[in-house]
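Peer 1: any chance you could fold what I've pasted below:
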Amino acid sequence: MKEHSKHYPPYLDLHPVMKVQGTVRLPGSKSISNRILLLAALSKGTTQIHDLLASDDTMVMLNALQKLGVHWTQEGNTHNYTVIGANGVFPNHHADLFMGNAGTAIRPLVAALAVLGGDYTVHGVARMHERPIGDLVDALNAVGAQIDYTSNPGYPPLHIKRGHIHAQKMQVKGNVSSQFLTALLMASPLAAQHSDVVIEVVGDLISKPYIEITLNLMARFGVEVVRDGWQCFTIKAGQHYVSPGVVYVEGDASSASYFLAAGAIAGGPIRVEGVGKNSIQGDVRFAEALEKMGAKITMGDNWIEAETQGPLQAIDMDFNHIPDAAMTIAIAALYANGTTTLRNIESWRVKETDRIVAMATELRKLGAIVEDGQDFMTVTPPAELAPATIDTYDDHRMAMCFSLATLDGVARRGAAMRINDPKCVAKTFPDFFEAFMKIKHEDLF
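Peer 2: Residues are numbered from 1 along each chain as shown. Model (predicted):
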(Lines give C-alpha, C1' and ligand atoms only; values in the text may rest on other atoms or scores of the structure.)
Protein backbone atom coordinates (compact mmCIF):
# COMPACT_ATOMS: atom_id res chain seq x y z
CA MET A 1 0.00 0.00 0.00
CA LYS A 2 1.35 3.39 -0.91
CA GLU A 3 2.41 5.91 1.74
CA HIS A 4 -0.34 8.35 2.69
CA SER A 5 1.51 11.11 4.50
CA LYS A 6 1.73 13.73 1.78
CA HIS A 7 4.54 16.26 1.83
CA TYR A 8 2.54 19.02 3.44
CA PRO A 9 4.43 22.01 4.85
CA PRO A 10 4.25 22.72 8.63
CA TYR A 11 1.27 25.01 7.97
CA LEU A 12 -1.06 26.06 5.17
CA ASP A 13 -2.24 29.64 4.58
CA LEU A 14 -5.79 29.72 3.20
CA HIS A 15 -7.28 32.90 1.79
CA PRO A 16 -10.92 34.08 1.83
CA VAL A 17 -13.00 33.17 -1.20
CA MET A 18 -16.42 34.43 -2.32
CA LYS A 19 -18.02 31.38 -3.95
CA VAL A 20 -17.56 27.62 -4.14
CA GLN A 21 -18.94 25.26 -6.74
CA GLY A 22 -18.16 21.85 -8.12
CA THR A 23 -18.23 18.08 -7.58
CA VAL A 24 -16.15 16.08 -5.11
CA ARG A 25 -15.63 12.33 -5.33
CA LEU A 26 -15.40 11.19 -1.72
CA PRO A 27 -12.73 8.86 -0.35
CA GLY A 28 -14.01 5.56 1.04
CA SER A 29 -15.62 5.49 4.46
CA LYS A 30 -13.16 4.86 7.30
CA SER A 31 -15.79 3.09 9.41
CA ILE A 32 -16.82 0.80 6.57
CA SER A 33 -13.24 0.20 5.32
CA ASN A 34 -11.83 -1.06 8.63
CA ARG A 35 -14.90 -3.17 9.41
CA ILE A 36 -14.78 -4.80 5.99
CA LEU A 37 -11.04 -5.53 6.29
CA LEU A 38 -11.52 -7.37 9.58
CA LEU A 39 -14.63 -9.23 8.39
CA ALA A 40 -12.86 -10.27 5.18
CA ALA A 41 -9.87 -11.48 7.22
CA LEU A 42 -12.11 -13.59 9.49
CA SER A 43 -14.18 -15.01 6.62
CA LYS A 44 -14.10 -18.22 4.69
CA GLY A 45 -13.17 -17.41 1.10
CA THR A 46 -11.55 -14.55 -0.81
CA THR A 47 -12.97 -11.03 -0.80
CA GLN A 48 -12.39 -8.39 -3.45
CA ILE A 49 -12.76 -4.95 -1.85
CA HIS A 50 -13.34 -1.97 -4.13
CA ASP A 51 -12.80 1.71 -3.20
CA LEU A 52 -11.08 1.05 0.14
CA LEU A 53 -10.09 4.24 1.91
CA ALA A 54 -6.39 5.07 1.48
CA SER A 55 -5.40 6.60 4.82
CA ASP A 56 -3.31 6.17 7.95
CA ASP A 57 -6.15 4.36 9.76
CA THR A 58 -6.66 1.72 7.07
CA MET A 59 -2.89 1.27 6.72
CA VAL A 60 -2.80 0.46 10.45
CA MET A 61 -5.44 -2.29 10.00
CA LEU A 62 -3.79 -3.71 6.87
CA ASN A 63 -0.40 -3.88 8.60
CA ALA A 64 -1.93 -5.55 11.68
CA LEU A 65 -3.69 -8.19 9.56
CA GLN A 66 -0.44 -8.87 7.73
CA LYS A 67 1.35 -9.44 11.06
CA LEU A 68 -1.43 -11.84 12.04
CA GLY A 69 -0.73 -13.90 8.91
CA VAL A 70 -3.65 -12.72 6.77
CA HIS A 71 -2.70 -12.44 3.09
CA TRP A 72 -3.88 -9.45 1.11
CA THR A 73 -2.82 -7.76 -2.12
CA GLN A 74 -3.41 -4.34 -3.63
CA GLU A 75 -4.36 -4.07 -7.30
CA GLY A 76 -1.59 -1.87 -8.69
CA ASN A 77 -1.87 1.68 -7.32
CA THR A 78 -5.67 1.50 -7.00
CA HIS A 79 -8.10 1.44 -4.07
CA ASN A 80 -8.96 -2.19 -4.82
CA TYR A 81 -7.71 -5.03 -2.60
CA THR A 82 -8.01 -8.79 -2.40
CA VAL A 83 -8.10 -10.38 1.06
CA ILE A 84 -7.74 -14.14 1.52
CA GLY A 85 -9.89 -15.00 4.51
CA ALA A 86 -8.39 -16.97 7.41
CA ASN A 87 -11.71 -18.73 8.14
CA GLY A 88 -12.14 -17.66 11.75
CA VAL A 89 -8.58 -18.25 13.00
CA PHE A 90 -5.58 -15.93 12.60
CA PRO A 91 -2.54 -17.94 11.40
CA ASN A 92 -0.07 -16.15 13.70
CA HIS A 93 -0.76 -16.61 17.42
CA HIS A 94 1.99 -14.19 18.51
CA ALA A 95 2.23 -10.59 17.31
CA ASP A 96 3.16 -7.07 18.39
CA LEU A 97 0.56 -4.76 16.86
CA PHE A 98 0.89 -0.99 16.46
CA MET A 99 -2.57 0.56 15.98
CA GLY A 100 -1.67 4.25 15.60
CA ASN A 101 -4.66 6.34 16.72
CA ALA A 102 -7.25 4.24 14.88
CA GLY A 103 -10.21 3.50 17.15
CA THR A 104 -12.01 1.73 14.28
CA ALA A 105 -9.05 -0.67 14.05
CA ILE A 106 -7.93 -1.32 17.64
CA ARG A 107 -11.29 -1.97 19.29
CA PRO A 108 -12.78 -4.67 17.01
CA LEU A 109 -9.36 -6.28 16.60
CA VAL A 110 -8.82 -6.49 20.38
CA ALA A 111 -12.18 -8.25 20.76
CA ALA A 112 -11.40 -10.74 17.99
CA LEU A 113 -7.92 -11.47 19.40
CA ALA A 114 -9.32 -11.92 22.92
CA VAL A 115 -11.87 -14.48 21.74
CA LEU A 116 -9.43 -16.37 19.50
CA GLY A 117 -6.61 -16.26 22.06
CA GLY A 118 -2.85 -16.19 21.61
CA ASP A 119 -0.11 -13.90 22.81
CA TYR A 120 -0.54 -10.37 21.49
CA THR A 121 0.61 -6.92 22.50
CA VAL A 122 -1.47 -4.02 21.23
CA HIS A 123 -0.40 -0.38 21.43
CA GLY A 124 -0.58 2.94 19.57
CA VAL A 125 0.47 6.57 19.58
CA ALA A 126 0.48 8.57 22.82
CA ARG A 127 -3.10 9.86 22.31
CA MET A 128 -4.38 6.29 21.76
CA HIS A 129 -3.03 5.47 25.22
CA GLU A 130 -5.33 8.23 26.58
CA ARG A 131 -8.46 6.93 24.82
CA PRO A 132 -10.59 4.63 27.01
CA ILE A 133 -10.92 0.93 26.26
CA GLY A 134 -11.82 -0.25 29.78
CA ASP A 135 -15.51 -0.93 29.11
CA LEU A 136 -14.58 -3.29 26.26
CA VAL A 137 -11.84 -5.03 28.26
CA ASP A 138 -14.18 -5.44 31.25
CA ALA A 139 -16.87 -7.00 29.04
CA LEU A 140 -14.40 -9.49 27.54
CA ASN A 141 -12.58 -10.39 30.76
CA ALA A 142 -15.94 -11.00 32.45
CA VAL A 143 -16.57 -13.91 30.05
CA GLY A 144 -13.13 -15.50 30.35
CA ALA A 145 -10.79 -13.44 28.17
CA GLN A 146 -7.33 -12.64 29.52
CA ILE A 147 -6.49 -9.03 28.72
CA ASP A 148 -4.01 -7.14 30.90
CA TYR A 149 -3.15 -3.45 30.93
CA THR A 150 0.59 -2.89 30.62
CA SER A 151 0.48 0.78 31.67
CA ASN A 152 -2.61 2.69 32.85
CA PRO A 153 -5.68 0.61 33.82
CA GLY A 154 -8.56 1.30 31.43
CA TYR A 155 -6.34 2.34 28.51
CA PRO A 156 -4.01 0.77 25.94
CA PRO A 157 -1.37 -0.64 25.67
CA LEU A 158 -2.72 -4.15 26.24
CA HIS A 159 -1.40 -7.69 26.53
CA ILE A 160 -3.85 -10.34 25.30
CA LYS A 161 -3.31 -13.97 26.33
CA ARG A 162 -5.26 -17.15 25.68
CA GLY A 163 -8.40 -17.21 27.81
CA HIS A 164 -11.34 -19.61 28.08
CA ILE A 165 -14.33 -17.82 26.66
CA HIS A 166 -17.80 -18.73 27.96
CA ALA A 167 -19.72 -15.93 26.30
CA GLN A 168 -23.40 -16.89 26.47
CA LYS A 169 -24.12 -13.44 27.89
CA MET A 170 -21.99 -10.29 27.66
CA GLN A 171 -22.67 -6.82 29.00
CA VAL A 172 -21.13 -3.55 27.83
CA LYS A 173 -21.71 0.11 28.64
CA GLY A 174 -22.99 2.12 25.70
CA ASN A 175 -22.37 5.70 26.78
CA VAL A 176 -18.63 6.19 26.04
CA SER A 177 -18.16 4.76 22.54
CA SER A 178 -20.35 2.68 20.24
CA GLN A 179 -17.12 1.04 19.02
CA PHE A 180 -17.10 -1.16 22.14
CA LEU A 181 -20.44 -2.70 21.14
CA THR A 182 -19.29 -2.92 17.51
CA ALA A 183 -16.20 -4.81 18.68
CA LEU A 184 -18.23 -7.35 20.69
CA LEU A 185 -20.73 -7.81 17.87
CA MET A 186 -18.01 -8.46 15.29
CA ALA A 187 -16.18 -10.94 17.57
CA SER A 188 -19.32 -12.71 18.81
CA PRO A 189 -19.69 -15.28 15.99
CA LEU A 190 -16.20 -16.53 16.91
CA ALA A 191 -17.53 -17.21 20.43
CA ALA A 192 -20.95 -18.55 19.36
CA GLN A 193 -19.87 -21.85 17.89
CA HIS A 194 -21.87 -24.05 20.31
CA SER A 195 -24.33 -21.71 22.02
CA ASP A 196 -26.02 -18.40 21.35
CA VAL A 197 -24.31 -15.20 22.49
CA VAL A 198 -26.44 -12.40 23.95
CA ILE A 199 -24.95 -8.90 24.29
CA GLU A 200 -26.72 -6.51 26.62
CA VAL A 201 -26.09 -2.76 26.53
CA VAL A 202 -25.97 -1.15 29.97
CA GLY A 203 -27.37 2.38 29.96
CA ASP A 204 -27.86 4.57 26.89
CA LEU A 205 -26.18 3.72 23.60
CA ILE A 206 -24.56 6.60 21.72
CA SER A 207 -23.85 6.84 17.98
CA LYS A 208 -26.52 4.27 17.07
CA PRO A 209 -26.06 4.73 13.28
CA TYR A 210 -22.56 3.26 13.60
CA ILE A 211 -24.07 0.08 15.08
CA GLU A 212 -26.37 -0.09 12.07
CA ILE A 213 -23.28 -0.03 9.83
CA THR A 214 -21.82 -2.93 11.83
CA LEU A 215 -24.99 -5.04 11.64
CA ASN A 216 -25.40 -4.33 7.92
CA LEU A 217 -21.83 -5.41 7.12
CA MET A 218 -21.98 -8.51 9.34
CA ALA A 219 -25.09 -9.56 7.39
CA ARG A 220 -23.22 -9.10 4.10
CA PHE A 221 -20.63 -11.54 5.44
CA GLY A 222 -23.28 -14.09 6.39
CA VAL A 223 -23.95 -13.41 10.09
CA GLU A 224 -27.38 -12.26 11.23
CA VAL A 225 -27.90 -10.50 14.56
CA VAL A 226 -31.32 -10.49 16.23
CA ARG A 227 -31.88 -7.06 17.80
CA ASP A 228 -34.26 -6.18 20.61
CA GLY A 229 -34.32 -2.40 20.42
CA TRP A 230 -30.90 -0.99 21.27
CA GLN A 231 -30.48 -2.89 24.53
CA CYS A 232 -30.09 -6.53 23.52
CA PHE A 233 -28.40 -8.27 20.57
CA THR A 234 -28.47 -12.06 20.01
CA ILE A 235 -26.06 -13.96 17.77
CA LYS A 236 -27.38 -17.45 17.10
CA ALA A 237 -24.95 -20.35 17.49
CA GLY A 238 -23.07 -21.89 14.59
CA GLN A 239 -22.85 -18.86 12.29
CA HIS A 240 -19.61 -18.24 10.40
CA TYR A 241 -18.33 -15.33 8.35
CA VAL A 242 -18.38 -16.16 4.65
CA SER A 243 -17.02 -13.85 1.98
CA PRO A 244 -19.64 -12.18 -0.23
CA GLY A 245 -17.01 -12.30 -3.01
CA VAL A 246 -17.03 -8.65 -3.99
CA VAL A 247 -17.81 -5.69 -1.74
CA TYR A 248 -17.81 -1.94 -2.43
CA VAL A 249 -16.93 0.71 0.16
CA GLU A 250 -19.24 3.72 0.23
CA GLY A 251 -17.79 7.21 0.16
CA ASP A 252 -17.14 8.68 3.60
CA ALA A 253 -20.23 10.53 4.83
CA SER A 254 -18.28 12.33 7.59
CA SER A 255 -15.90 13.70 4.96
CA ALA A 256 -18.90 14.77 2.88
CA SER A 257 -19.93 17.15 5.67
CA TYR A 258 -17.17 19.69 4.91
CA PHE A 259 -18.13 20.07 1.26
CA LEU A 260 -21.87 20.11 1.87
CA ALA A 261 -21.35 22.81 4.50
CA ALA A 262 -19.23 24.77 2.01
CA GLY A 263 -22.14 24.72 -0.44
CA ALA A 264 -24.56 25.75 2.29
CA ILE A 265 -22.32 28.67 3.34
CA ALA A 266 -20.89 29.99 0.10
CA GLY A 267 -23.13 29.50 -2.89
CA GLY A 268 -22.76 26.13 -4.50
CA PRO A 269 -24.09 23.91 -5.73
CA ILE A 270 -21.54 21.49 -4.32
CA ARG A 271 -22.17 17.84 -5.14
CA VAL A 272 -20.50 14.98 -3.27
CA GLU A 273 -20.41 11.59 -4.99
CA GLY A 274 -20.12 8.24 -3.21
CA VAL A 275 -22.98 8.61 -0.72
CA GLY A 276 -26.67 9.25 -1.23
CA LYS A 277 -30.16 8.57 0.05
CA ASN A 278 -29.49 4.81 0.22
CA SER A 279 -26.30 5.12 2.28
CA ILE A 280 -25.80 2.80 5.27
CA GLN A 281 -23.96 5.60 7.09
CA GLY A 282 -25.80 7.67 9.66
CA ASP A 283 -23.66 10.73 8.92
CA VAL A 284 -25.66 11.41 5.75
CA ARG A 285 -28.19 12.85 8.24
CA PHE A 286 -25.78 15.77 8.55
CA ALA A 287 -27.57 17.06 5.44
CA GLU A 288 -30.81 17.28 7.49
CA ALA A 289 -29.08 19.58 9.99
CA LEU A 290 -27.91 21.85 7.16
CA GLU A 291 -31.44 21.85 5.77
CA LYS A 292 -32.77 22.96 9.18
CA MET A 293 -30.23 25.82 9.04
CA GLY A 294 -31.74 26.92 5.72
CA ALA A 295 -29.58 25.25 3.04
CA LYS A 296 -31.08 23.64 -0.04
CA ILE A 297 -30.29 19.90 -0.10
CA THR A 298 -30.96 17.46 -2.94
CA MET A 299 -30.13 13.74 -2.95
CA GLY A 300 -29.77 10.96 -5.49
CA ASP A 301 -28.91 7.29 -5.02
CA ASN A 302 -25.18 8.00 -4.92
CA TRP A 303 -24.87 11.78 -4.50
CA ILE A 304 -25.89 14.69 -2.27
CA GLU A 305 -25.91 18.35 -3.28
CA ALA A 306 -25.99 21.50 -1.14
CA GLU A 307 -26.42 25.16 -2.05
CA THR A 308 -27.11 28.44 -0.32
CA GLN A 309 -30.63 29.84 -0.02
CA GLY A 310 -29.84 33.01 1.88
CA PRO A 311 -28.31 33.39 5.35
CA LEU A 312 -28.13 30.31 7.55
CA GLN A 313 -30.18 30.26 10.75
CA ALA A 314 -29.08 28.99 14.16
CA ILE A 315 -30.38 25.62 15.36
CA ASP A 316 -30.65 23.82 18.71
CA MET A 317 -30.13 20.09 18.11
CA ASP A 318 -29.12 16.80 19.69
CA PHE A 319 -26.07 15.42 17.82
CA ASN A 320 -25.62 12.15 19.71
CA HIS A 321 -26.30 10.23 16.49
CA ILE A 322 -23.67 12.04 14.35
CA PRO A 323 -20.93 13.33 16.69
CA ASP A 324 -18.15 13.52 14.07
CA ALA A 325 -20.16 15.48 11.53
CA ALA A 326 -21.50 17.73 14.31
CA MET A 327 -18.11 19.46 14.43
CA THR A 328 -18.86 20.87 10.99
CA ILE A 329 -22.13 22.35 12.28
CA ALA A 330 -20.13 24.27 14.88
CA ILE A 331 -18.29 25.97 11.99
CA ALA A 332 -21.48 26.51 9.96
CA ALA A 333 -22.80 28.27 13.09
CA LEU A 334 -20.29 31.06 12.41
CA TYR A 335 -22.37 31.93 9.35
CA ALA A 336 -25.79 31.61 11.01
CA ASN A 337 -28.04 34.26 12.53
CA GLY A 338 -28.37 33.60 16.25
CA THR A 339 -26.84 31.16 18.72
CA THR A 340 -26.43 27.51 17.66
CA THR A 341 -26.58 24.84 20.38
CA LEU A 342 -25.02 21.38 19.94
CA ARG A 343 -26.28 18.95 22.57
CA ASN A 344 -25.33 15.43 23.71
CA ILE A 345 -21.75 15.57 22.34
CA GLU A 346 -19.86 14.24 25.37
CA SER A 347 -18.20 11.58 23.18
CA TRP A 348 -16.15 14.45 21.64
CA ARG A 349 -14.03 14.35 24.80
CA VAL A 350 -12.56 10.88 24.07
CA LYS A 351 -11.87 11.28 20.35
CA GLU A 352 -8.53 12.10 18.66
CA THR A 353 -8.35 15.04 21.07
CA ASP A 354 -10.80 16.50 23.58
CA ARG A 355 -12.82 18.07 20.82
CA ILE A 356 -15.03 20.19 23.05
CA VAL A 357 -11.97 21.96 24.47
CA ALA A 358 -10.23 22.15 21.07
CA MET A 359 -13.24 23.48 19.15
CA ALA A 360 -14.06 26.06 21.83
CA THR A 361 -10.46 27.29 21.96
CA GLU A 362 -10.11 27.71 18.19
CA LEU A 363 -13.61 29.15 17.63
CA ARG A 364 -12.82 31.88 20.17
CA LYS A 365 -9.75 32.83 18.09
CA LEU A 366 -12.17 33.73 15.29
CA GLY A 367 -14.14 35.99 17.61
CA ALA A 368 -17.03 33.61 18.33
CA ILE A 369 -18.69 33.60 21.74
CA VAL A 370 -18.59 29.98 22.90
CA GLU A 371 -20.13 28.38 25.94
CA ASP A 372 -19.07 24.80 26.57
CA GLY A 373 -20.02 22.19 29.15
CA GLN A 374 -19.45 18.47 29.71
CA ASP A 375 -21.75 17.48 26.85
CA PHE A 376 -22.81 20.62 24.97
CA MET A 377 -21.56 23.70 23.16
CA THR A 378 -23.17 26.96 22.06
CA VAL A 379 -21.70 29.11 19.29
CA THR A 380 -22.64 32.75 18.75
CA PRO A 381 -20.92 34.23 15.69
CA PRO A 382 -19.06 37.54 15.81
CA ALA A 383 -20.10 40.45 13.62
CA GLU A 384 -16.93 39.79 11.64
CA LEU A 385 -14.69 36.69 11.59
CA ALA A 386 -11.12 37.41 12.70
CA PRO A 387 -8.11 35.99 10.81
CA ALA A 388 -6.47 33.28 12.92
CA THR A 389 -3.79 30.63 13.21
CA ILE A 390 -5.59 27.38 13.93
CA ASP A 391 -3.98 24.64 15.98
CA THR A 392 -5.17 21.18 14.91
CA TYR A 393 -4.21 18.96 17.91
CA ASP A 394 -3.17 16.13 15.57
CA ASP A 395 -6.90 15.80 14.81
CA HIS A 396 -7.87 15.48 11.15
CA ARG A 397 -11.35 16.91 11.70
CA MET A 398 -10.02 20.11 13.28
CA ALA A 399 -7.99 20.87 10.16
CA MET A 400 -10.85 20.13 7.77
CA CYS A 401 -13.49 22.02 9.79
CA PHE A 402 -11.63 25.28 10.20
CA SER A 403 -10.76 25.49 6.50
CA LEU A 404 -14.43 26.40 6.02
CA ALA A 405 -13.99 29.64 7.97
CA THR A 406 -12.27 31.12 4.89
CA LEU A 407 -15.56 31.13 2.95
CA ASP A 408 -17.68 34.22 2.33
CA GLY A 409 -21.23 33.53 3.49
CA VAL A 410 -24.39 35.55 3.09
CA ALA A 411 -24.33 36.78 6.71
CA ARG A 412 -20.58 37.42 7.04
CA ARG A 413 -17.31 37.18 5.17
CA GLY A 414 -14.65 34.55 5.67
CA ALA A 415 -11.20 35.38 7.02
CA ALA A 416 -7.65 34.29 6.28
CA MET A 417 -6.71 31.10 8.16
CA ARG A 418 -3.36 29.52 8.86
CA ILE A 419 -3.86 25.78 9.46
CA ASN A 420 -1.02 24.31 11.53
CA ASP A 421 0.11 20.71 10.89
CA PRO A 422 -2.13 20.12 7.85
CA LYS A 423 -0.73 16.61 7.38
CA CYS A 424 -3.04 15.37 10.17
CA VAL A 425 -5.77 14.97 7.49
CA ALA A 426 -3.92 11.81 6.35
CA LYS A 427 -5.80 9.91 9.06
CA THR A 428 -8.91 9.77 6.85
CA PHE A 429 -8.58 12.09 3.83
CA PRO A 430 -5.01 12.63 2.57
CA ASP A 431 -6.26 14.61 -0.46
CA PHE A 432 -8.60 16.90 1.48
CA PHE A 433 -6.85 20.19 0.78
CA GLU A 434 -6.56 19.46 -2.94
CA ALA A 435 -10.31 18.74 -3.07
CA PHE A 436 -11.10 21.85 -1.02
CA MET A 437 -9.00 24.09 -3.26
CA LYS A 438 -10.70 22.62 -6.31
CA ILE A 439 -14.15 23.81 -5.20
CA LYS A 440 -12.59 27.20 -4.33
CA HIS A 441 -11.01 27.18 -7.81
CA GLU A 442 -7.55 27.85 -6.36
CA ASP A 443 -4.22 26.05 -6.47
CA LEU A 444 -2.98 24.47 -3.25
CA PHE A 445 0.62 25.66 -3.25
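
Peer 1: do a quick rundown of the helices in the stretch 51-200 of the chain.
Peer 2: Secondary structure of the stretch 51-200 of the chain by DSSP state H, counting those that start in this stretch: the helices cover 56-67, 103-116, 134-141, 178-191.

Peer 1: out of those helices, which is closest to A126?
Peer 2: A126 sits nearest to helix 103-116 of all the helices of the stretch 51-200 of the chain, at 14.0 Å, using Cβ to Cβ. (Each C-beta comes from the backbone N, C-alpha and C, glycine too.)

Peer 1: pull the distance from that closest one to the chain's centre.
Peer 2: Counting by Cα atoms, centre = their mean, to the nearest Å, helix 103-116 is centred 16 Å from the centre of its parent chain.

Peer 1: repeat for stretch 209-218
Peer 2: On Cα atoms, centre = their mean, the centre of stretch 209-218 falls 13 Å from the chain's centre.

Peer 1: name the residues of that stretch that are buried.
Peer 2: Under the neighbour-count criterion of 16 or more other Cβ atoms under 10 Å, stretch 209-218 has P209, Y210, I211, I213, T214, L215, L217, M218 buried.

Peer 1: does V172 touch A187 like I think?
Peer 2: No. Look at V172 against A187 with Cβ atoms under 8 Å: they stay out of range, at 11.5 Å.

Peer 1: more neighbours, the two?
Peer 2: Set side by side, V172 and A187 show more neighbours around A187, with 29 against 23, by other Cβ atoms under 10 Å.

Peer 1: gap between the residue lying closest to F432 once chain neighbours are set aside and E442?
Peer 2: Excluding the flanking residues, the one nearest F432 by Cβ to Cβ, 6 or more residues apart in numbering is V425, at 4.4 Å. With the distance defined as Cβ to Cβ, to the nearest Å, V425 ends up 17 Å from E442.

Peer 1: before we move on, the earlier item: output the helices of the stretch 51-200 of the chain as JSON lines; include the columns mean pLDDT.
Peer 2: As requested, the helices of the stretch 51-200 of the chain are exported to JSON lines (pLDDT from 0 to 100):
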{"stretch": "helix 56-67", "mean pLDDT": "97"}
{"stretch": "helix 103-116", "mean pLDDT": "97"}
{"stretch": "helix 134-141", "mean pLDDT": "97"}
{"stretch": "helix 178-191", "mean pLDDT": "97"}
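
Peer 1: returning to that earlier point: state the distance from the residue nearest to F432 to G251.
Peer 2: Shown here: V425 relative to G251, a distance of 16 Å by Cβ to Cβ.

Peer 1: okay, the two: which has more neighbours?
Peer 2: Neighbour count, other Cβ under 10 Å: between V425 and G251, V425 has more, with 29 against 26.
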